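Asker: the sequence and its predicted three-dimensional model are supplied below.
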Amino acid sequence: MTSEDEKQGSLFGDVLPLLPPEQTSREAFVAFDKDNPHVRKQLIQMALGLKRKGHNTYSTKALFEVMRYHRALVTTDDQFKLNNNYTAFYSRELMEEVLELKGFFRTRGSVAD
């Protein structure tokens, strides 16, 4: 990606500045989650809705894409970004936090472990 691309952003809205060398992925996630509690709340609502409709598993990444889509429909805010690196953290935390979601998201080995 060129510096011109970085200035303009991505068509898909998921280009984020590089992390400072001292900030880990977990620290970046924790900061994002703290600043954007509505993301966690919406993920829980969507996941529980799917679970209650009979889905045994679902993808956090797919839920991120739904959130991006809906955000694009209702706002012109280009500052809101969902970093795909956060899906692993959300998957694990939501399954621990919400008993009904235990085992709902499939996970692989990750820095979030």
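Answerer: Everything's here; your move. A quick note: this is a predicted structure, and the numbers were derived from the prediction, not measured.

Asker: where does this structure have low pLDDT?
Answerer: 1-22, 75-80, 111-113 (pLDDT under 70).

Asker: run through the helices of it in chain order.
Answerer: Using DSSP state H, the helices of the chain run over 3-8, 25-35, 37-52, 60-74, 87-97.

Asker: with distance to residue 109 and mean neighbour count added, can I get the ones you listed in TSV?
Answerer: C-beta coordinates here come from the backbone N, C-alpha and C atoms, glycine included. Converted to TSV, the helices of the chain look like this (distance: least, C-beta to C-beta, whole Å; neighbours: other C-beta atoms under 10 Å):
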stretch	distance to residue 109	mean neighbour count
helix 3-8	30	9
helix 25-35	14	14
helix 37-52	21	15
helix 60-74	16	15
helix 87-97	10	19
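
Asker: could you dump those helices into TSV with distance to residue 108 added?
Answerer: Listed next are those as TSV, based on distance: least, C-beta to C-beta, whole Å:
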stretch	distance to residue 108
helix 3-8	29
helix 25-35	15
helix 37-52	18
helix 60-74	12
helix 87-97	8
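
Asker: quick one: which of the ones you listed is nearest residue 106?
Answerer: helix 87-97 (8.2 Å; C-beta to C-beta).

Asker: that closest one packs against which elements?
Answerer: Judged by 3 or more C-beta pairs under 8 Å, 6 or more residues apart in numbering; DSSP states H and E, helix 87-97 is in contact with helix 25-35, helix 37-52, helix 60-74.

Asker: show me what that helix is in contact with.
Answerer: Defining contact as C-beta atoms under 8 Å, 6 or more residues apart in numbering, one finds that helix 87-97 is touched by 25-26, 29, 33, 39-40, 43-44, 47, 60-61, 64, 101-105, 107, 110-113.
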